[in-house]
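Undergrad: give the three-dimensional model of this entry:
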Amino acid sequence: MENKNLNLTMVMDLYELTMSNGIFDSDMKDTVAYFDMFFRRVPDKGGYAIMAGIEQLIEYLNNLKFTDEDIDYLRSLNLFKDEFIDYLKNFKFSCDVWAVPEGTVIFPHEPIVTVRGPIIQALMVETMLLLTINHQSLIATKANRIVRAAAGRPVMEFGARRAHGSGAAYYGARAAIIGGCSGTSCLLTAKDFGVKASGTMAHSWVQLFDDEYTAFKTYAEKYPDSCMLLVDTYNVLKSGIPNAIKVFDEVLKPLGKRPVGIRIDSGDITYITKKARKMLDDAGYSDCKICISNSLDEYLIRDMILQGAQTDTYGVGERLITASSEAVFGGVYKLSAVEKNGEIIPKIKISENVAKITIPGVKIPWRLYDRETGKAIADVITLGDERIDDTEPYEIFDPNHTWKRKIVTNFKAIKLQVKIFEKGKQVYDCPKVLDIAAYCKNQVDSLWDEVTRFENPHTYYIDLSEKLWNLRHDLLNKLRSK
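TA: Below you'll find the predicted structure:
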């Protein structure tokens, strides 16, 4: 994990400062700009993603300050004028920031973070903003897929040793809890965020002793109230489970204690768990849980359940904490508008790749919910001065196929973003991680099953208001004609 005393202000790309230096010397120095963070594609070809990382973004923005060492280093690059160096030396963040709360279900192309403020300041926060939200949203999304595959069985995050650095382990575990994991093996995350610390034993514990029985017996004597034994160091069915049952009988039963479970980390899981379940049941330990680990992901868990594996809990490590099936979340940070003489001037980026054409202007993302079912109907992005009146019928339409239209009635319209900074001051209190996780579960439950399936999920509609669609269309035509 990053040292909390470490100043992260300089975690930025060089071009953020070279551009800012150029702007500092121009008549655009005092320009107020709007930037949006959004992403273009859901990881793993899924139907939705999970927002995470806002608490750490807030920490970063609250501590933006160039140290004397930073200033000396920047001066040594011989890229910046002395006046700009002095500006950085006295830098103070003063932007407005809006964000979608953590745990919210999010979809491509809608603004999940919006920054408004002096152009130089808005430019300089790009790298850390993207780094923070991209990483945690990726892990929270992957965790949620794995948790859903487990179909109500607890999933523990076991990935610290395979994470891409201590910060990825620490914050990745936090994101995994938001996504629905029941606990983490990372003690620092558990301590700092008030979540359950989970863990059993390693094969090395069993190997240290002269025999497996003695290893199990010693562990049970030390931890009679939380006894979970790792039974696959040698042979699960021939020695691991028989020795575990013997220890349960000889150590726990006389104390009036029950075993928490056994863990299996290798082999043909479906076959072994079926046999193990029968052995435990026959011995009178039908309440003994079977925990499975070893390079699991949502597809392996789903397949094991379909094949009748007798699994109760899962420990998921490397494929969760690294989101190994999808390397990046892909969020981007793009200029959407500037203020000039009190007027908002929308900005757009055009590309031959249609997916990279941005949505211009100052915007508000909304979510429409059916009042009867509570299910999400669609998201609508409007211009900042628009409001959706949910007391009246409202027409939505597909922005790519505009003839596809629908009149929505009996719905509730909710703004997705909340304000987290006003003129550089934090105005938002971050919820506790377990509260975010509960909110996330409710968010996912608000989606139709067709949106949440793993293969070929239904495309959830992200519509534009008529006014915003016309603005984008007019800007495209105007710029293409030049």
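Undergrad: count the neighbours of residue 336 for me.
TA: 24 (other C-beta atoms under 10 Å). C-betas here are computed from N, CA, C, even on glycine.
Undergrad: just the residues contacting the host helix or strand of it, thanks.
TA: In this assignment (DSSP states H and E), residue 336 forms part of strand 331-340. Residues outside strand 331-340 that contact it (C-beta atoms under 8 Å, 6 or more residues apart in numbering): 31-40, 111-112, 114, 119, 126, 129-130, 133-134, 137, 344-347, 349, 358-363.
Undergrad: what comes up buried for the next helix or strand after it?
TA: Moving toward the C-terminus from strand 331-340, the next helix or strand (DSSP H and E) is strand 343-346. Within strand 343-346, the residues scored as buried using 16 or more other C-beta atoms under 10 Å are 344, 346.
Undergrad: cool, stretch 147-161 as well?
TA: 147, 148, 149, 150, 153, 154, 155, 156, 157, 158, 159, 160.
Undergrad: likewise for stretch 336-354?
TA: In stretch 336-354, counting by 16+ other C-beta under 10 Å, buried: 336, 337, 338, 339, 344, 346, 347, 348.
Undergrad: where in the protein is pLDDT low?
TA: Residues of the chain meeting the criterion pLDDT under 70: 1-5, 481-482.
Undergrad: okay, now the domains of it?
TA: Following automatic domain parsing, one gets these domains for the chain: 14-139+326-480, 143-321.
Undergrad: same list (those) but as a markdown table, adding distance to residue 8.
TA: Shown next, in a markdown table, are the domains of the chain (distance: least, C-beta to C-beta, whole Å):
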| stretch | distance to residue 8 |
| --- | --- |
| domain 14-139+326-480 | 6 |
| domain 143-321 | 10 |
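Undergrad: deepest of these, which one?
TA: domain 143-321 (a mean of 19; mean count of other C-beta atoms under 10 Å).
Undergrad: which residues touch residue 94?
TA: 117, 118, 121, 423, 424.
Undergrad: any chance of the residues you listed in JSON lines, plus secondary structure and distance to residue 394?
TA: Listed next are those as JSON lines, based on DSSP: H, G, I helix; E, B strand; the rest coil; distance: C-beta to C-beta, whole Å:
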{"residue": "117", "secondary structure": "strand", "distance to residue 394": "32"}
{"residue": "118", "secondary structure": "strand", "distance to residue 394": "36"}
{"residue": "121", "secondary structure": "helix", "distance to residue 394": "36"}
{"residue": "423", "secondary structure": "coil", "distance to residue 394": "33"}
{"residue": "424", "secondary structure": "coil", "distance to residue 394": "36"}
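Undergrad: can you list the residues you listed in TSV and add distance to residue 219?
TA: Listed next are the contacts of residue 94 as TSV, based on distance: C-beta to C-beta, whole Å:
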residue	distance to residue 219
117	57
118	60
121	55
423	57
424	53
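Undergrad: out of the residues you listed, which one sits closest to residue 403?
TA: The closest of the contacts of residue 94 to residue 403 turns out to be residue 117 (C-beta to C-beta; 39.8 Å).
Undergrad: give me the element the spatially closest residue to residue 229 that is not a sequence neighbour is part of.
TA: Counting by C-beta to C-beta, 6 or more residues apart in numbering, residue 229 lies nearest to residue 244, which is 4.8 Å off, once chain neighbours are set aside. Secondary-structure assignment from DSSP H and E places residue 244 in helix 241-247.
Undergrad: would you mind extracting the C-alpha trace of that helix into PDB?
TA: Written as PDB, here are the backbone C-alpha positions of helix 241-247 (Å, rounded to 0.1, in the frame of the first residue of the first chain):
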ATOM      1  CA  ILE A 241     -10.300 -35.800   5.700                       C
ATOM      2  CA  PRO A 242      -9.900 -39.000   7.800                       C
ATOM      3  CA  ASN A 243      -7.300 -37.100   9.900                       C
ATOM      4  CA  ALA A 244      -9.500 -34.000  10.100                       C
ATOM      5  CA  ILE A 245     -12.500 -36.100  11.300                       C
ATOM      6  CA  LYS A 246     -10.200 -37.800  13.900                       C
ATOM      7  CA  VAL A 247      -9.100 -34.400  15.200                       C
END
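Undergrad: what's the helix or strand just after it in contact with?
TA: For helix 241-247, the following helix or strand on the C-terminal side (DSSP H and E) is strand 261-264. Here strand 261-264 makes contact (C-beta under 8 Å, 6+ apart) with 200, 228-232, 236, 240-241, 244, 272-273, 276, 280, 288-294, 312-313, 315.
Undergrad: fine by me, thanks again.
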